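Asks: no FASTA, just this:
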Ligand SMILES: [Zn+2]
């Protein structure tokens, strides 16, 4: 596995959310000052190792590399298929492949004492891991588009599966399983708006209505935006198990979101909102 820094993919978020420890006294044997915990994650799209490498940076120098897995040991035993290495996978340990200095041991102790009990930090690691992995998946998906999948050869209807998510509506709790479809639609709208800043919410809303009513029919004539959304949806349907109902629910969900943002934030309230979101995701 190759570890890659979180900062590489999400510099804006990393700047805001990188944990810093301040050492004020001599007890620890560490030089006083700020220590930054720089996260790296494994960049194999299909690997679900659920670990982080933390490089501890002090005055522009990495003084220790700590490996840590937030799941329990049983998870890593199963994941590895053996017991011998599982404890090391869980950690926290000093990574042999990382930086080792005279301060590494003290930093590991500090990490155990001051950082591990901080559940908010651990939750943040999990979130960063999810974002990182999704980003990898997205990139490999885009490669697939160019290489293997030809949307022209498929219809939406044919790509929809008999059974999908089994949910009747999209709520905060169920939203996650619809993300591939929701993201495909919103990302395409965002792409269009990035190319053409004259795009208004009202046009987006018209397009979404047309898709809602005509996406399963081959006779509907779509404009450029609608055509691009359909193309992207075909890939998502090709890669995931979604039913026609999932697709209808998702289009309606985006439509409602667009209406909501237009009514509260003006004629480009919605396109501005999604731009902010995607710009941060891909920065
Ligand atoms: Zn991995």
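Replies: Thanks, I have it. All figures in this text were calculated on a predicted structure; none of them were measured in a lab.
Asks: pretty sure residue 229 sits against residue 187.
Replies: No. Contact criterion Cβ atoms under 8 Å: residue 229 and residue 187 do not qualify, at 9.4 Å. (C-beta placed from N, C-alpha, C; glycine too.)
Asks: looking at the two, which one has more neighbours?
Replies: Neighbours were counted for residue 229 and for residue 187 using other Cβ atoms under 10 Å; residue 229 has more, 25 against 19.
Asks: who touches the residue nearest to that one when sequence neighbours are not counted in this structure?
Replies: The shortest distance from residue 229 to any non-neighbouring residue, by Cβ to Cβ, 6 or more residues apart in numbering, is to residue 188 (4.7 Å). By Cβ atoms under 8 Å, 6 or more residues apart in numbering, the contact set of residue 188 is 225, 228-229, 232.
Asks: which one of those has the most neighbours?
Replies: Highest neighbour count within these: residue 229, with 25 neighbours (other Cβ under 10 Å).
Asks: gap between that residue and residue 156?
Replies: Separation of residue 229 from residue 156 (Cβ to Cβ, to the nearest Å): 11 Å.
Asks: now residue 4
Replies: To residue 156, residue 4 is 35 Å away according to Cβ to Cβ.
Asks: wait, residue 140 touches residue 45, no?
Replies: Yes. Between residue 140 and residue 45 a contact is recorded at 4.8 Å, counting by Cβ under 8 Å.
Asks: these two: which is more packed in?
Replies: Neighbours were tallied for residue 140 and for residue 45 using other Cβ under 10 Å; the higher tally belongs to residue 45 (15 against 11).
Asks: for the more buried one, grab phi and psi.
Replies: Backbone torsions of residue 45, given as degrees, to the nearest 10, read phi -60, psi -40.
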